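1. with the sequence up front, the predicted model follows.
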Amino acid sequence: MKKRLIIFIVSFTLILLTIPVALLYLTSDQTILYALIIGISILYACVFLFSGLAKFIVYSIYAIITGVLLYFLPDYQHSIIAIGTIMFVLNPLVNLEEKLEKKFNDDLVLPLKISLRGSFWPFYEYRKQMKDYYHLPQTKKLYTKNYYLRLRQAFTLILFSSAIYLFINELKNIAFELGNYGAENFFMFYAVITLFIATFTLYKKGFQSLFRIITIMMFPPIIYAISFTNFSYTTKIIFISGIAFIGLSTAIYAIVGTLRRVAYSEYKYFDVEEQWQVFANDLFEPLVYNETFTIFAKYIFKCELNQFKEVFHDILVYSNVKRFMITAYAYDGKNILLFTEWNQKHAKKALKMQTYLESKFQSNVKSEILYDKQKTLYEKYFFHKTEYIVSRALTLSERLKTLQMYDHVILSFIFSFQKIEDIESLGKIYYLARLEALDDKDYYAVRLDIKVANNPYIIETRVRDILLDAIIHGGQYVRISVYY
């Protein structure tokens, strides 16, 4: 990955160094053509960086074929552009791409992932989990409503094909029709960019998010169109200012709206030992063992459960803005216990949370803020509790039912053992698969998969039996997953 990043940086630097020379010595038409070449070069440099050398070679072949045909067969330009669009969309050289990926080193072909989030990466992964859960109703339609799946696929294909077609067409206009190409025509590239953004949004999130994006992106074209009307100069200024204000307000509202689109998926159970009604955060579960959110904070205050639930959305929004994670909340009959995890740099903000809760509920709030790098406190209160594990299995199995998967599920456990003999002993009862990649110097990891009917009683019984058998044979629970 580093080698590819170095090649990209060197190439990008060389491209930038040519810009001052071009501005000094090229004519206006030559400058437009130069900008075209620079744009394509940067685009393909990004393809190389993020998608790898194999994808870069295949896409270069498509570009060369399309460009050569447009140059030698100008009378058939629209047909050629359509063919070029089909090549980029359907990728007919996918077999060649796969062969090249096998031939080149992984450093040159694996997709590059760059994160600028630093120590806050667990929170942004958690935010992504929230967004995915927020959009779950639309995701369910992909599995339960065939017409919705086909409609979404068709619209995605149409938008992407339109974007590719217009992009190739505009590149052709710049390259071969410089004399007739005005600066105002570059606004067509805005439409191309809008189509690409719309395609990505529809593919990832669905129609509701697509409509929000289109609403925001439509304001610049409206302003652009007004500037060419026959209205007086004063009228144009008034209209443009008003529409610009509405557009800016819409964009700000949309940004604020993204922060308010929060979700909380809970494992609900009663903890007999603590005498709590627990609502543990399902979305936090994959991120339990991160190394940067190591400040554990528990807040206790007197409040009725229904009253707390009425304002819980506001607390979730607050956590989304302040970048911390709510891991669970519990109710003991009189008090709410709110559990959170904060970034290692935000101990002071964890203290300010106490003030926020006091103002929110007009009640005295007790807090317990501790450094817990090993996650022993979360394990103690939730993660290793049998009720938590059972509730997780039941919640995940019920989620599969919403996707119309009713028959059977696979309960997949991961356990760790200190002795191989204990693994062999448990292996006489269940089939165990060794996970050597998860071993450390003190523990051996194994996976236990078992197929059961998607029935709450059967699932709970099997989970409790397996946990008991694992404990008897010296196993320590690590994680449970549920598959179809």
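-> Alright, I've got the coordinates.
2. how much space separates residue 281 from residue 126?
-> Look at residue 281 and residue 126: by C-beta to C-beta, to the nearest Å, they are 9 Å apart. To be clear about C-beta, it is placed using only N, CA and C from the backbone, and glycine gets the same treatment.
3. what residues are shared contacts of those two?
-> residue 325 (C-beta atoms under 8 Å, 6 or more residues apart in numbering).
4. what number of residues lie near residue 198?
-> Using other C-beta atoms under 10 Å, residue 198 has 22 neighbouring residues.
5. centre of the chain to the helix or strand hosting it, how far?
-> Using DSSP states H and E, residue 198 falls within helix 188-205. Put simply, helix 188-205 sits 17 Å off its chain's centre (C-alpha atoms, centre = their mean, to the nearest Å).
6. hey, C-alpha coordinates of that helix in PDB?
-> Output of helix 188-205 as PDB, limited to C-alpha atoms (Å, rounded to 0.1, in the frame of the first residue of the first chain):
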ATOM      1  CA  MET A 188     -22.300  20.400 -17.600                       C
ATOM      2  CA  PHE A 189     -19.600  18.800 -15.500                       C
ATOM      3  CA  TYR A 190     -21.600  19.900 -12.500                       C
ATOM      4  CA  ALA A 191     -24.400  17.800 -13.800                       C
ATOM      5  CA  VAL A 192     -22.100  14.800 -14.300                       C
ATOM      6  CA  ILE A 193     -20.700  15.200 -10.700                       C
ATOM      7  CA  THR A 194     -24.300  15.400  -9.400                       C
ATOM      8  CA  LEU A 195     -25.200  12.200 -11.300                       C
ATOM      9  CA  PHE A 196     -22.200  10.300  -9.800                       C
ATOM     10  CA  ILE A 197     -23.100  11.500  -6.300                       C
ATOM     11  CA  ALA A 198     -26.800  10.600  -6.800                       C
ATOM     12  CA  THR A 199     -25.800   7.100  -8.100                       C
ATOM     13  CA  PHE A 200     -23.600   6.500  -5.100                       C
ATOM     14  CA  THR A 201     -26.200   7.700  -2.700                       C
ATOM     15  CA  LEU A 202     -29.000   5.600  -4.200                       C
ATOM     16  CA  TYR A 203     -26.700   2.500  -4.200                       C
ATOM     17  CA  LYS A 204     -25.700   2.900  -0.600                       C
ATOM     18  CA  LYS A 205     -28.800   4.400   1.100                       C
END
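7. mind listing what's buried in it?
-> Across helix 188-205, burial judged by 16 or more other C-beta atoms under 10 Å covers 191-192, 194-203, 205.
8. can you give me the distance of the residue most central in space within the chain to residue 427?
-> Centroid-nearest residue in the chain, with C-alpha atoms, centre = their mean: residue 128, separated by 4.6 Å. Distance, residue 128 to residue 427, using C-beta to C-beta: 37 Å.
9. now swap in residue 187 and tell me
-> Residue 187 sits at a distance of 68 Å from residue 427 (criterion: C-beta to C-beta).
10. torsion angles phi and psi at the closest residue in space to residue 475 that isn't next to it in sequence?
-> Excluding the flanking residues, the one nearest residue 475 by C-beta to C-beta, 6 or more residues apart in numbering is residue 415, at 4.0 Å. When read as degrees, to the nearest 10, the backbone of residue 415 gives phi -120, psi 160.
11. give me the number of residues near residue 415?
-> Residue 415 has 27 neighbouring residues, counting by other C-beta under 10 Å.
12. over to residue 297?
-> 23.
13. run through the bridge partners of it.
-> Note on residue 297: beta-bridge partners by DSSP bridges are residue 340, residue 369.
14. report the contact partners of it.
-> 339, 340, 341, 342, 350, 353, 367, 368, 369, 370.
15. quick one on the thing from earlier: give me the more crowded residue out of residue 281 and residue 126.
-> Shown here are residue 281 and residue 126; by other C-beta under 10 Å, residue 126 has more neighbours (26 against 23).
16. which SS state does residue 24 fall under?
-> Put simply, residue 24 is helix when judged by DSSP: H, G, I helix; E, B strand; the rest coil.
17. mind listing the strands for this structure?
-> 266-271, 276-281, 295-302, 325-331, 335-342, 365-371, 408-417, 432-434, 444-453, 476-483 (DSSP state E).
18. out of those strands, which gets nearest to residue 38?
-> Closest of those to residue 38 is strand 325-331, at 42.9 Å (criterion: C-beta to C-beta).
19. buried residues in that closest one, which are they?
-> For strand 325-331, burial by neighbour count (16+ other C-beta under 10 Å) applies to 325, 326, 327, 328, 329, 330, 331.
20. what's the angle from the top helix by length along the chain to helix 188-205?
-> Using DSSP state H to define each element, the chain has its longest helix at helix 146-176. With axes from the mean of the first three to the mean of the last three C-alpha atoms, to 10 degrees applied, the angle from helix 146-176 to helix 188-205 works out at 160 degrees.
21. same for helix 146-176, what does it pack against?
-> Contact analysis of helix 146-176 by 3 or more C-beta pairs under 8 Å, 6 or more residues apart in numbering; DSSP states H and E lists helix 28-51, helix 53-72, helix 77-90, helix 136-144, helix 188-205 as its packing neighbours.
22. much appreciated, bye for now.
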